[in-house]
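Colleague: no FASTA, just this:
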Ligand code: ISE
């Protein structure tokens, strides 16, 4: 009883997930794919085989024979409609970030899931499945270093794609730190401030890159994030927790360390598919295993909403230059306990 997955969106992430499900994950197969671009959908379906149907209509892919779960990897603006359609069919969903581009859409998705009466949605915040992040989470949760006071984060991309906007620095990139900070600290974000240096000459015209984003949290911790999407030298995601009795740092990529010609060093990944390859594998594997066991684990629609609310405050802070409070509803009992707290 292999789990048949409909993959919606066959761009870079979707195609990578299709490869992952087919080649690396046992207990699941790709039963159908959908993409607005018919040629691309067919091409990706072709890598799976004749039993994988290619559609341009996501609903048709979800209704294809043998589909028991949905993986949404379409652009964020398409997520809400696809999530609601999956919930109507009571199908388990793994949805790439963002859950929805705005908190209002996330609230509508949460309302539909709650009306269904059971959780069906997992959001693709893959950092929660990264080995180093999990080690840091374990250390902080153990309390061995005392209470976390600050989190210093660096999020660097080699180069931004041509359609990247200044707002996307927050809602496409820093959205990951929003979730990671909530998860690591087990606190909600309460306010966001954005500081902007003179942009790098290497950034495309009009893009305010890099920026420094500061979150305040419900437990009184501070989180600072350097976001720099045209650093030019590689893909780096680092975090250092400063606690009452010690610090802990991840993301230095201490893999192979080589000495030669009077220099020492290692390699830096080029992009997120490399840096987080294992995290993506674990994420999809754990989602498939939980789904087959009839369980829903991982980041929930509430986490997607909280990140969207943080991003909305972040973009407002970016525009106004002012400290901006994060506006959030009270967490509904349906989303208790929060998925970041171990039970
Ligand atoms: C991209 O969409 C991601 O999700 C990556 O993890 C992030 O590093 C990048 O900045 C985003 O554009």
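Modeller: Sure thing, it's come through. Keep in mind that what you see is a predicted model, and the values were worked out from it rather than measured.
Colleague: Verify the stated contact: residue 248 with residue 139.
Modeller: Yes - with contacts counted by Cβ atoms under 8 Å, residue 248 reaches residue 139, the gap being 5.4 Å. (C-beta placed from N, C-alpha, C; glycine too.)
Colleague: Now the common contact residues for the two.
Modeller: Shared contacts of residue 248 and residue 139 (Cβ atoms under 8 Å, 6 or more residues apart in numbering): 145, 241.
Colleague: and the residue nearest to residue 9 when sequence neighbours are not counted, what are its phi and psi?
Modeller: Closest residue to residue 9 apart from its sequence neighbours, by Cβ to Cβ, 6 or more residues apart in numbering: residue 74 at 3.3 Å. Taking degrees, to the nearest 10, you get phi -80, psi 170 for the backbone angles of residue 74.
Colleague: Count the neighbours of residue 74 for me.
Modeller: Neighbours of residue 74 under the rule other Cβ atoms under 10 Å: 22.
Colleague: swap in residue 209?
Modeller: 23.
Colleague: Would you mind confirming that it makes contact with residue 169?
Modeller: Yes - shown here, residue 209 and residue 169 form a contact pair, counting by Cβ under 8 Å, at 6.6 Å.
Colleague: what residues are shared contacts of these two?
Modeller: Common neighbours of residue 209 and residue 169, counting by Cβ under 8 Å, 6+ apart, are 227, 229.
Colleague: pretty sure the residue nearest to residue 9 contacts residue 58?
Modeller: Yes - look at residue 74 against residue 58 with Cβ under 8 Å: they come within range, at 7.3 Å.
Colleague: Between these two, which contacts overlap?
Modeller: Counting by Cβ under 8 Å, 6+ apart, the shared contacts of residue 74 and residue 58 are 8, 82.
Colleague: could you pull out the helices for the protein?
Modeller: Assigned by DSSP state H, the chain shows helices spanning 12-23, 38-48, 58-62, 79-88, 103-116, 131-142, 166-168, 175-185, 272-275, 277-292, 301-320.
Colleague: could I get these as JSON lines with mean pLDDT and mean neighbour count?
Modeller: JSON lines is the format used below for those (pLDDT from 0 to 100; neighbours: other Cβ atoms under 10 Å):
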{"stretch": "helix 12-23", "mean pLDDT": "97", "mean neighbour count": "18"}
{"stretch": "helix 38-48", "mean pLDDT": "98", "mean neighbour count": "18"}
{"stretch": "helix 58-62", "mean pLDDT": "98", "mean neighbour count": "21"}
{"stretch": "helix 79-88", "mean pLDDT": "98", "mean neighbour count": "20"}
{"stretch": "helix 103-116", "mean pLDDT": "98", "mean neighbour count": "18"}
{"stretch": "helix 131-142", "mean pLDDT": "98", "mean neighbour count": "16"}
{"stretch": "helix 166-168", "mean pLDDT": "97", "mean neighbour count": "17"}
{"stretch": "helix 175-185", "mean pLDDT": "98", "mean neighbour count": "25"}
{"stretch": "helix 272-275", "mean pLDDT": "92", "mean neighbour count": "16"}
{"stretch": "helix 277-292", "mean pLDDT": "97", "mean neighbour count": "19"}
{"stretch": "helix 301-320", "mean pLDDT": "98", "mean neighbour count": "24"}
